[in-house]
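**Student:** Take this sequence and fold it.
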Amino acid sequence: MDVLALVATAKIVIVMSILAGSSVMDIRYRRIPDRFWSLMLAGAGPLTIWEMYLRGGAESPASFLALLLPLAGILFVLFGYPELGEIRKGSVQDISFFLFYIGAAVGGMLAFLFGDRSLFSEVGVSFIFMLIYFVLYSVPIGGTRIIHGGADAKCLISLAALFPWYTTGLPFQTGPFYEIIGDLPAIAKIFPVSLSVLFNAAVITALVMFVVIPLKNLLKGEFTHRSFTSYRMDVEELSGSHVWVLVEKDGRREKNDPTVKLIKKLRRQGMKRVSVTPKIPFILSLTAGFLIHTTLGNLVAILFLIFQ
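**Tutor:** Below you'll find the predicted structure:
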C-alpha cells in the first residue's frame, strides 16, 4: 500500500476500535460519555490532516484552514457555545470559544478564496452534513426527532468531520460500491461517508425491528398486527431492562421508561404482562454500518444496483 492508503487504513482502525468500545457502553448502559468522541478526534484527527497533505494540501497550504470548520462544529457539539452574558462578564472560556469560532469562519473563507477548491468542497460538504445531523437531533419533525440520541448525533458528526472524502483501492474494500465510485465519482458526493454509514445503520436496525422481533413473537405464539415493532414482557422483568413500555392513554400508545413508579402502578392495576419495544443501541448499528461501509460500501446503493 502507498502512504495515503496506510494513513486511511490506520484512521479506519482507530475509529473502528473506538466505535466498538462505545457499542459496548451502549449495549450495557444506553449512555456513552463524550470522552469516546474526544478520543476518536484526538486519535484520528491528525491523520485527517495528514491525508489532506497527501491529497494536495502541500501545494495549497491555505486549504488546511478549511479543517477549522469541522473542528469548530465538533467543539460546538461537545462543549457548547459561548454565552453573550458570560462574554460581557469577561469569562476567559467563553471569550476563547467566541474568538475561535470567529477565527474558524474567517479561516473557512480564506480556504475557499485561496485554497484548493476541490479539497475545500469536500470538507465543506462534510461540514454541511454535520449541521444537518445537529438539526435532525435538535429539531423535532412531526413531533419526533429523526436522530433520537445525543450520542448518535455526536457519532455521526464526528464521522463527518473525520471522513470528508473517500479513500478507494484499500485491500479490504471488496464490495461493488467502490467499483461504482471508480466509474462514477459523483456517487461519493451524493453518499458521503457519514451518510453511507447512517444508511447502513438504518438498514440493519430495520432488519432487527421487522425481522427479529416478529420472529420472536411468532416463536412465542404471540403474533399480532403489532408484532413487527413490539413484544410482550412480564412486568416483573421490566426493572433494569432497556425497553420502552407501551401504555394506552386516550386511545394512543405512549412510550414510557420502566421506572419504579410505573412498575408499581402496573402492579396496582393488576397487569402481569405489557407490550414493550426495545431501546435500540443505535451506536451498535452505526458501528456495524461503519464496518460494512469500509468493506462492502453503501447497502442502499448496492440494493438499488441489485434490483434496478
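**Student:** what does stretch 257-274 contact?
**Tutor:** Contacts with stretch 257-274, where a contact means CB atoms under 8 Å, 6 or more residues apart in numbering, come from 232-235, 238-239, 241, 243-247, 256, 276. Every C-beta, even on glycine, is put in place using the N, C-alpha and C of the backbone.
**Student:** how about a cut-off of 7 Å?
**Tutor:** With contact meaning CB atoms under 7 Å, 6 or more residues apart in numbering, stretch 257-274 is reached by Arg232, Met233, Asp234, Val235, Leu238, Ser239, Ser241, Val243, Val245, Asn256.
**Student:** likewise stretch 63-74?
**Tutor:** Here stretch 63-74 has contacts from 41, 49, 52, 57, 100-101, 103-104, 107-108, 110-111, 115-116, 119-120, 123-124, 126-127, 130, 157-158, 161, using CB under 7 Å, 6+ apart.
**Student:** one step back: compare the contacts of stretch 257-274 and tell me which is most surrounded.
**Tutor:** Val245 (24 neighbours; other CB atoms under 10 Å).
**Student:** Kindly provide the distance from that one to Ser239.
**Tutor:** 11 Å (CB to CB, to the nearest Å).
**Student:** care to break this protein down by domain?
**Tutor:** The record's domain split for the chain, according to automatic domain parsing, is 3-165, 171-308.
**Student:** Deepest-packed of those domains, please.
**Tutor:** domain 3-165 (a mean of 18; mean count of other CB atoms under 10 Å).
**Student:** For that one, measure first residue to last.
**Tutor:** Its start and end residues considered, domain 3-165 measures 16 Å (CA to CA, to the nearest Å).
**Student:** for it, what is the average pLDDT?
**Tutor:** Taken as a whole, domain 3-165 has a mean pLDDT of 92.
**Student:** quick one on the thing from earlier: mind putting the contacts of stretch 257-274 into TSV with secondary structure?
**Tutor:** Formatted as TSV, the contacts of stretch 257-274 follow (DSSP: H, G, I helix; E, B strand; the rest coil):
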residue	secondary structure
Arg232	strand
Met233	strand
Asp234	strand
Val235	helix
Leu238	coil
Ser239	coil
Ser241	coil
Val243	strand
Val245	strand
Asn256	strand
